[in-house]
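Q: from the sequence below, what's the structure:
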Amino acid sequence: MDNITIRDDFIKLGQALKLAGFVSSGIEAKIVVQDGEVKVNGETDTRRGRKLYTGDIFEYNGQQVMVNKA
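A: Below is the predicted model:
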């Protein structure tokens with residue numbers, strides 16, 4: 001499992017997908033999230049603006065990433 005580190009209290013799902021390198025743009029993030037291709041803490045989430053906090057795990061294309069705070 002990979003990790004991303006954030007400075008703020010949360011990161012939005014679309015931003016987290018970009019930070020993890022899963023997508024290259026906000027538009028691409030919007031598409032994969034709306035198409036139900038992303039899971040947050042084991043459940044499909046179709047909200048690109050979903051807030052992720054320390055300890056949350058998101059998954060795309062079989063790869064999991066945990067959110068950590070700096």
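Q: shaky segments in this protein?
A: Residues of the chain meeting the criterion pLDDT under 70: none.
Q: ends of stretch 30-47, what's the gap?
A: Chord length of stretch 30-47, first to last residue, is 8 Å (C-alpha to C-alpha, to the nearest Å).
Q: now for the top strand by length along the chain, which elements pack on it?
A: Under DSSP state E, the strand in the chain containing the largest number of residues is strand 63-69. Applying 3 or more C-beta pairs under 8 Å, 6 or more residues apart in numbering; DSSP states H and E, one finds that strand 63-69 makes contact with strand 2-6, strand 57-60. The C-beta positions use only the backbone N, C-alpha and C, and glycine is treated the same way.
Q: can you list the strands that it pairs with?
A: With DSSP bridges as the test, strand 63-69 is paired with strand 2-6 (parallel), strand 57-60 (antiparallel).
Q: list the buried ones in the longest one?
A: Of the residues in strand 2-6, those scored as buried under the neighbour-count criterion (16 or more other C-beta atoms under 10 Å) are 4, 6.
Q: what does the last one give?
A: Under the neighbour-count criterion of 16+ other C-beta under 10 Å, strand 57-60 has 58-60 buried.
Q: lovely, talk soon.
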